[in-house]
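[1] predicted model and sequence below, questions to follow.
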Amino acid sequence: MNPRVLQETALRYFLEVVRCGSISEASGKLNVAPSAISRQIARLESELGTLLFERRARGMVPSAAGELLAVHARHMQLEADRIGSEILALHGLQRGKVRLASSEGFAVDFLPAAIAAFRKRYSGIHFHLMVGAPSEATRYVREGEADIGITFSLKPEADINVALRQPAPIMALVSPHHELAAKKHISLAQLQRYPLALPSPETTLRQLFDICCSRQNLAFESIFSSDYTEALINFAILGGGVALAGEVSVRYRIHQQRVVAIPIRDQGMDSRFVEVQTLAKRTLPSATQAFLEFLKTQIPPGNLPLLPEVANPLT
């Protein structure tokens, strides 16, 4: 095999087809003629002696060999980005970009506050945040689209390094004026008397809730369901009923006394975890590593990044 075949252009075109699932869509993203992309992929396949894609009616899917090459190509891209950042750092430039992926529960209050606090000390660092389902946040990290993932998890994930993992018990959220607001803890059975707002079944929160209810033969009717968690939380804040969330999702609103979060004591409702994730075997750029270390200090319950003075994670 000619080593030069694994050049940056060929791998860049190849990776974009992997991401897009078709040459035509990759052509639009890269602003390159489809024929040029096809030639690069054909050359890769010829030199490597194997097919890199399975051509299907609805698009192109990486073969087993294609998946291996995609992992290699992503690592090469990420390493090139890291080296570029380190070269800038040699000149004393506090510049860099941190790409984050998270599930919705971290995106409303916690991450904006953490980013704002970090940038008070390092104003040259820029951030990009992608928000999706917990599995999507992990996928962004695995595929090299995000440097750091912050999400809720029920199980370990392949090719993912877990920089921080801590329990994220599910809590009952009510208005400060609700009759349950003074409770120190509550059971699922006690919640049956109240209007309940639940997220869609695809969420880790709903999956865990359904498992725990099934174990006790408890039946709930959700009077308000949504795939947008913030709508459910605001429903509870406004006195409409009870919603469910982890503490980190409403940390600032607890501090502002806009909502009360009541621990649910049933076994299993504490089986979900917050994970801060990075790609396994990857060396992070300095700015990303600094933000990762800062983030790990802020996730434990009750920490409010904008209130205390920001510590210096680079010293």
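    Arrived safely. Numbers count the residues shown, from 1 in each chain.

[2] list the contacts of the spatially closest residue to Arg119 that is not a sequence neighbour.
    In this structure, Arg119 finds its nearest non-sequential neighbour in Ile125, 6.3 Å apart by Cβ to Cβ, 6 or more residues apart in numbering. (Glycine included, C-beta is placed from N, CA and C.) Applying Cβ atoms under 8 Å, 6 or more residues apart in numbering to Ile125 gives the contacts 94-98, 118-119, 287, 291.

[3] so Ile125 bridges to which residues?
    For Ile125, the beta-bridge partners under DSSP bridges are Gly96.

[4] which stretches of the stretch 101-250 of the chain form strands?
    Ranges of strands in the stretch 101-250 of the chain, per DSSP state E, counting those that start in this stretch, are 125-131, 148-153, 160-167, 171-174, 196-199, 222-226, 243-245.

[5] can you put those strands in JSON lines and add mean pLDDT?
    Shown next, in JSON lines, are the strands of the stretch 101-250 of the chain (pLDDT from 0 to 100):
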{"stretch": "strand 125-131", "mean pLDDT": "94"}
{"stretch": "strand 148-153", "mean pLDDT": "92"}
{"stretch": "strand 160-167", "mean pLDDT": "93"}
{"stretch": "strand 171-174", "mean pLDDT": "97"}
{"stretch": "strand 196-199", "mean pLDDT": "96"}
{"stretch": "strand 222-226", "mean pLDDT": "95"}
{"stretch": "strand 243-245", "mean pLDDT": "96"}
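
[6] JSON lines please, covering those and showing distance to Arg206.
    Formatted as JSON lines, those follow (distance: least, Cβ to Cβ, whole Å):
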{"stretch": "strand 125-131", "distance to Arg206": "18"}
{"stretch": "strand 148-153", "distance to Arg206": "11"}
{"stretch": "strand 160-167", "distance to Arg206": "18"}
{"stretch": "strand 171-174", "distance to Arg206": "14"}
{"stretch": "strand 196-199", "distance to Arg206": "5"}
{"stretch": "strand 222-226", "distance to Arg206": "9"}
{"stretch": "strand 243-245", "distance to Arg206": "8"}
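
[7] the ones you listed: which one's closest to Ile254?
    strand 171-174 (9.2 Å; Cβ to Cβ).

[8] re earlier: quick check: the residue nearest to Arg119 vs Thr288, distance?
    9 Å (Cβ to Cβ, to the nearest Å).

[9] go on, Val259?
    32 Å.

[10] how about Leu295?
    Look at Leu295 and Thr288: by Cβ to Cβ, they are 10 Å apart.

[11] hey, what's in contact with both of the two?
    Ile148.

[12] tally of neighbours for Lys97?
    Lys97 sits with 14 neighbouring residues when counted by other Cβ atoms under 10 Å.

[13] repeat for Pro176
    12.

[14] likewise for the one 3 residues further on?
    Neighbouring residues of Glu179 were enumerated by other Cβ under 10 Å; the total is 10.

[15] picking that back up, reformat the contacts of Ile125 as TSV; add pLDDT and distance to Phe14.
    Shown next, in TSV, are those (pLDDT from 0 to 100; distance: Cβ to Cβ, whole Å):
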residue	pLDDT	distance to Phe14
Gln94	65	34
Arg95	70	29
Gly96	79	27
Lys97	86	24
Val98	92	26
Phe118	89	35
Arg119	88	35
Ala287	84	28
Phe291	91	30
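
[16] can you go through these and name the buried ones?
    96, 98, 118, 287, 291 (16 or more other Cβ atoms under 10 Å).

[17] and the furthest pair within these?
    That would be Gly96 and Phe118, which, of those, are the farthest apart (Cβ to Cβ) at 11.5 Å.

[18] still on that earlier bit, so which of the contacts of Ile125 comes closest to Ser135?
    Ser135 lies nearest to Val98 out of those, by Cβ to Cβ, at 21.5 Å.

[19] tilt between whichever helix or strand the closest one is part of and strand 148-153?
    Per DSSP states H and E, Val98 falls inside strand 96-102. On the basis of axes from the mean of the first three to the mean of the last three Cα atoms, to 10 degrees, strand 96-102 is oriented at 10 degrees to strand 148-153.

[20] quick one: contacts of strand 96-102?
    Contacts of strand 96-102 (Cβ under 8 Å, 6+ apart): 85, 88-89, 111, 124-132, 136-138, 140-141, 145-151, 285-288, 291.
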